[in-house]
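1. Sequence and predicted structure are below.
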Amino acid sequence: MRRSIIRGARVFDGYDLLPTTASIVVEGDRIAGIERGLVEGRFDEDIDGAGHLLMPGLIDAHVHVYAYEANLSRNDHASMVARTLHAEQVMHTALWRGFTSLRDAGGADRDLADALDARMFLGPRLFYSGLALSQTGGHGDFRVPGVHLCGCGYTGAISMIADGADQVRHAAREQLRWGASQIKIMASGGAASPSDPIWMMQYSDAEILAAVEEAARWRTYVMAHAYMPDAIARCVRLGVRTIEHGNLIDAEAARVVVDHAAFVVPTLSTYDALLAHAGRQGWTQELLDKVRGVQDAGLESLRICREAGVRMGFGTDLLGRMHVHQCDEFTIRAKVLEPIDILRSATSVNAEILQKSGQLGVVGKGALADLILVNGDPLADLAVFRADGGGVPLVMLGGEIVKNEL
């Protein structure tokens, strides 16, 4: 069995900064020990981590790796080759920045996961939802209004229409049959969709319950796109486990989230990126106005969630070529939140969302050896995480060093 050691680094274990430097021993794909003092023995890889911070690999809990086009109506018509090559690039660059796990919120599928497992390309662990489920005219319906199609329904690149509890149940079962890690539903209006206002409540209670029940049968959960307080509170009361975005949450809805042990996954970097770039990539003024409406509330939503004690995951939701802004999520959140809480969101909290506590997002004995070394001190300045990955000289994925620029 291959043995590696990273010596003498400061350690953030996903929860707290350990009081002294330590050496991390890795055997196979697992962490075998956290040792203080001199560690003797023979190792296949012996890495000097002095002067660096060692921490769990980062987790982005809201990506769309198949979103080759930022305009999602056009993305539906992009070739599968273009979407797949885009996914490979997104995943490889995310790994280079230190993200060792991604949760895809709509689009990624079994074929992509199988290619990743077969090492056809190098990328993070992938937790995919399959196609997100939407009602007709909902956030996942990217047909341009006025376009008449046959009555055979709509299936796009990242979402599909399922109307009525029976259709939702069938669609959820189909995604799970294909290996989806969780189910994604659209429960309120969104910025990227052409026909629905942000305030629109989507899906009936019966439809949401159908998705929740089917996910529970597979011992997994539902994640729901939702902006408005009423949509957020209704979803978590019906059993939805993670609320995506949540920009317009209020104190009452936040208390409901806490009372039901649910999570919110803010995605603030996407709004800045969209306003800077999306107008040149086919977004209409109407869509950009919707972005401005939720962007303005983004930082306040963090304050509301923090004060209520909501557990917040870390997501980005970037589209097309905007994925280069992935690390902006750290510095945007730092305007409101403490760096240690942001790092917990991107490690141990996201691992709990993925139902992988103790396996991912933690430096601990028996955990998977998804580890990174970071230059500088991210507990003081999160700007060490950069688009080019220059602040992360070493990335280990399942005990294998996949990047080493020490």
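-> Looks like it came in fine.
2. Quick one: residues in contact with the helix or strand containing residue 343.
-> Here residue 343 sits within helix 339-344, counting by DSSP states H and E. Residues outside helix 339-344 that contact it (CB atoms under 8 Å, 6 or more residues apart in numbering) are 12, 14-17, 55, 306, 312, 314, 330, 333-334, 378-382. Every residue, glycine included, has its C-beta placed from N, CA and C.
3. Throw together a ChimeraX command that grabs the buried residues out of the residues you listed.
-> Restricted to buried positions by 16 or more other CB atoms under 10 Å, the ChimeraX selection for these reads:
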select :12,14,15,55,312,314,330,333,378,379,382
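4. Can you flag which of the contacts of helix 339-344 belong to helices?
-> Mapping these onto helices (DSSP state H) picks out 306, 330, 333.
5. and these as CSV, adding pLDDT and distance to residue 298?
-> Compiled in CSV, the ones in helices among the contacts of helix 339-344 are given as follows (pLDDT from 0 to 100; distance: CB to CB, whole Å):
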residue, pLDDT, distance to residue 298
306, 98, 13
330, 98, 14
333, 97, 9
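6. Helices along this protein, start to end?
-> Under DSSP H, the chain gives helices at 72-75, 80-96, 110-117, 164-177, 205-217, 229-237, 251-259, 269-277, 285-308, 328-333, 339-344, 350-353.
7. what mean pLDDT does the second one have?
-> If I follow you right, that is helix 80-96. For helix 80-96, mean pLDDT rounds to 96.
8. Tell me, how many residues neighbour residue 29?
-> Number of residues near residue 29 (other CB atoms under 10 Å) recorded here: 16.
9. The one 4 residues further on too?
-> A count of neighbours around residue 33, defined by other CB under 10 Å, yields 14.
10. Now do the same contact list for it.
-> 24-25, 365.
11. so which of those would you say is closest to residue 75?
-> Each of the contacts of residue 33 was checked against residue 75 using CB to CB; the closest is residue 24, at 40.9 Å.
12. What residues are recorded as beta-bridge partners of the spatially closest residue to that closest one that is not a sequence neighbour?
-> Spatial nearest neighbour of residue 24, excluding adjacent residues (CB to CB, 6 or more residues apart in numbering): residue 6 at 4.7 Å. Counting by DSSP bridges, residue 6 is bridged to residue 24, residue 47.
13. Residue 6 against residue 49, yeah?
-> Yes. In this structure residue 6 lies within contact range of residue 49 using CB atoms under 8 Å: 4.5 Å.
14. mind checking the end-to-end distance for stretch 308-320?
-> 34 Å (CA to CA, to the nearest Å).
15. Just the buried residues of it, please?
-> Quick answer for stretch 308-320 (16+ other CB under 10 Å): 308, 310-320.
16. Then stretch 28-48?
-> 29-32, 34, 39, 43, 47.
17. With pLDDT added, can I get those residues in a markdown table?
-> Listed next are the buried residues of stretch 28-48 as a markdown table, based on pLDDT from 0 to 100:
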| residue | pLDDT |
| --- | --- |
| 29 | 97 |
| 30 | 98 |
| 31 | 98 |
| 32 | 97 |
| 34 | 96 |
| 39 | 87 |
| 43 | 93 |
| 47 | 96 |
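18. Between these, which sits nearest residue 181?
-> For these, the nearest to residue 181 is residue 29 (19.0 Å; CB to CB).
19. What separation do you get for the closest one and residue 173?
-> According to CB to CB, to the nearest Å, residue 29 stands 32 Å off from residue 173.
20. same question, residue 186
-> Residue 186 sits 18 Å away from residue 173, going by CB to CB.
21. as a whole number, average confidence for stretch 103-120?
-> 96.
22. Quick one: list the elements packing against the helix or strand bottoming out on mean pLDDT in the chain.
-> Here the helix or strand of the chain ranked lowest by mean pLDDT, DSSP states H and E is helix 72-75, holding a mean of 87. With contacts defined as 3 or more CB pairs under 8 Å, 6 or more residues apart in numbering; DSSP states H and E, helix 72-75 has no helix or strand neighbours.
23. how about it as CSV, C-alpha atoms only?
-> Provided in CSV are the C-alpha atoms of helix 72-75 (Å, rounded to 0.1, in the frame of the first residue of the first chain):
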residue,chain,number,x,y,z
LEU,A,72,-29.3,28.6,-20.9
SER,A,73,-31.8,28.7,-23.7
ARG,A,74,-28.9,28.6,-26.1
ASN,A,75,-27.1,26.0,-24.0
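24. outside of that helix, which residues touch it?
-> 66-69, 83, 142-144, 156-158, 192-194, 282, 319-320.
25. What distance do you get for residue 35 to residue 138?
-> Applying CB to CB, the value for residue 35 to residue 138 is 53 Å.
26. Check residue 273 too.
-> Applying CB to CB to residue 273 and residue 138 gives a distance of 23 Å.
27. Out of the helices of the chain, which one sits most buried?
-> Mean neighbours per residue, mean count of other CB atoms under 10 Å, is largest over these for helix 350-353, with a mean of 25.
28. Mind giving me the packing neighbours of that one?
-> In terms of contact count using 3+ CB pairs under 8 Å, 6+ apart, helix 350-353 is assigned the packing partners strand 58-63, strand 99-104, strand 263-265.
29. Could you spell out the sheet neighbours of the last one, each with its direction?
-> The pairing partners recorded for strand 263-265 under DSSP bridges are strand 242-245 (parallel), strand 311-312 (parallel).
30. what mean pLDDT would you report for the shortest one?
-> To tie it back to what came earlier, the one meant is strand 311-312. 98.
31. swap in the first one?
-> In this model, strand 242-245 has an average pLDDT of 98.
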